[in-house]
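Colleague: Structure of the sequence below:
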Amino acid sequence: MFGLERMRALHAVATHGTVAAAASALHVTPSGVSQQLAKLEREAGQRLLEPHGRTVRLTTAGHVLAGHAAGILARVEKARSDLELLREDITGPLRIGAIPTTVHALLPPVLAALRAQHPGLEVTLHEGEAEETMPRVVDGRLDVAVLESWEHRPVAVPPTTSRTTLLSDVADLALPASHRLAHRKAVDLAEVDDIPWIAWCAGSGCYDWLAHVLRQQGMDARISCTVGSYPTQLALVAGNVGAAVVPRLGRDSVPDGVRILTTRPALNRTIHAINRAEDDDRGAIRACVDALATAADRFRNLA
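Modeller: Numbers count the residues shown, from 1 in each chain. A predicted model of the protein is given here:
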């Protein structure tokens, strides 16, 4: 019904404010933009622009259609980018850094897809936390980092990088089955004040996050074990060593002797892919981020 170039003209006017500015952005004449808009109004059967002083502004119908135009143009650009990936000869090194839970859950299908679709890529994978991988992306030692950002302690993303949100996740409380609260379905974290905590490795963002959350609940962060593996943390919980908070993405199974409870407040995190903004159009980066987004689709209902 609506021609793509006419939608592009409306989007340009909505973005740049005037017909003249829209024409400059589209590298056409103002009369050319006006003609496209006139045709679009006839197709829509409604006025899309109205006089405003010496210039024009969008009507309510114009704003509605401009919103749809933005979405349509974005999808067209994504389709063009996807088609370019099919014909691009994507080769050379691709260096990925990722937090352990995503190395386990996301990266196997991602690496398999990249190998099948782009055999000329030389992919290497480094496991590491955000405090290690983020600087390596910024200085060029890594191309893509997959990292987490906790709701109660969000990660700071440098302005020189681009961020793609992959999925949301939540961490639950793991208690020994013999604990006085283990029969519950949900607990206030402040109630868990009679047992040591098992945390990620000292000095890591996850360790600092847990200590921060416990302090917010008015608790002394009595951390007795620091272990860089969620399955090992769960094994320690099963052994009645302490309590732990374990993200659902990092939990394939729960051993006997462990009970999983939801928490108040909820412990939410978001998984992001980070790359240098200057590399957004690089074929290998686009292929990697697209593969990560596809792999993340099956985990989108974790939170």
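Colleague: use CA for all of it now, contacts and neighbours both
Modeller: Fine.
Colleague: contacting residues around the strand or helix carrying His126?
Modeller: His126 is part of strand 121-127 when elements are defined by DSSP states H and E. Here strand 121-127 makes contact (Cα atoms under 8 Å, 6 or more residues apart in numbering) with 90-100, 103, 111, 114-115, 284.
Colleague: For that strand, list every residue counted as buried.
Modeller: Leu121, Val123, Leu125, Glu127 (16 or more other Cα atoms under 10 Å).
Colleague: same for the next helix or strand after that strand, what does it pack against?
Modeller: Tracing the chain past strand 121-127, the next element assigned as helix or strand by DSSP H and E is helix 130-138. Taking 3 or more Cα pairs under 8 Å, 6 or more residues apart in numbering; DSSP states H and E as contact, the helices and strands that helix 130-138 lies on are strand 92-98, strand 144-150, strand 267-276.
Colleague: packing partners for whatever helix or strand Arg42 lives in?
Modeller: Here Arg42, judged by DSSP H and E, is contained in helix 30-44. Other elements packing on helix 30-44 under the criterion 3+ Cα pairs under 8 Å, 6+ apart are helix 4-16, helix 19-26.
Colleague: Tell me what angle the first one forms with helix 19-26.
Modeller: The reference is to helix 4-16. Going by axes from the mean of the first three to the mean of the last three Cα atoms, to 10 degrees, helix 4-16 is angled at 120 degrees with respect to helix 19-26.
Colleague: returning to what we had before: could you redo the helices and strands packed on helix 130-138 as TSV and give each row distance to Val245, mean pLDDT and mean neighbour count?
Modeller: Listed next are the helices and strands packed on helix 130-138 as TSV, based on distance: least, Cα to Cα, whole Å; pLDDT from 0 to 100; neighbours: other Cα atoms under 10 Å:
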stretch	distance to Val245	mean pLDDT	mean neighbour count
strand 92-98	20	96	20
strand 144-150	13	97	26
strand 267-276	9	97	21
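Colleague: nearest to Thr165, of these?
Modeller: Of all the helices and strands packed on helix 130-138, it is strand 267-276 that lies closest to Thr165, at 4.5 Å by Cα to Cα.
Colleague: centre of the chain versus that closest one, how much separation?
Modeller: Centroid separation for strand 267-276 versus its chain: 5 Å, with Cα atoms, centre = their mean, to the nearest Å.
Colleague: Equivalent analysis for stretch 8-21, please.
Modeller: 30 Å.
Colleague: any idea which of the helices and strands packed on helix 30-44 is most buried?
Modeller: Of these, the one with the most neighbours on average (mean count of other Cα atoms under 10 Å) is helix 4-16, at a mean of 20.
Colleague: quick one: contacts for Ala98?
Modeller: Contacts of Ala98 (Cα under 8 Å, 6+ apart): Leu125, His126, Glu127, Gly128, Glu129, Ala130, Thr133, Ala145, Val146, Leu147.
Colleague: 6 Å instead, please
Modeller: Glu127, Gly128, Ala145, Val146 (Cα atoms under 6 Å, 6 or more residues apart in numbering).
Colleague: coming back round to it: what residues of the helix or strand following the helix holding Arg42 count as buried?
Modeller: Next along the chain after helix 30-44, taking DSSP H and E as the criterion, comes strand 49-52. Within strand 49-52, the residues that count as buried by 16+ other Cα under 10 Å are Leu49.
Colleague: As JSON lines, the contacts of Ala98 with distance to Thr15 would be great.
Modeller: Formatted as JSON lines, the contacts of Ala98 follow (distance: Cα to Cα, whole Å):
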{"residue": "Glu127", "distance to Thr15": "41"}
{"residue": "Gly128", "distance to Thr15": "40"}
{"residue": "Ala145", "distance to Thr15": "32"}
{"residue": "Val146", "distance to Thr15": "32"}
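Colleague: average model confidence for the helix holding Arg42?
Modeller: Averaged across helix 30-44, pLDDT comes to 86.
Colleague: Over to stretch 246-254?
Modeller: For stretch 246-254, mean pLDDT rounds to 92.
Colleague: In CSV, could you pull the C-alpha coordinates for that stretch?
Modeller: Provided in CSV are the C-alpha atoms of stretch 246-254 (Å, rounded to 0.1, in the frame of the first residue of the first chain):
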residue,chain,number,x,y,z
VAL,A,246,22.8,-19.4,41.3
PRO,A,247,21.5,-18.0,38.0
ARG,A,248,19.0,-20.1,36.1
LEU,A,249,21.2,-20.0,33.0
GLY,A,250,24.0,-21.6,34.9
ARG,A,251,21.9,-24.4,36.4
ASP,A,252,21.4,-27.6,34.4
SER,A,253,20.4,-29.7,37.3
VAL,A,254,20.1,-29.5,41.1
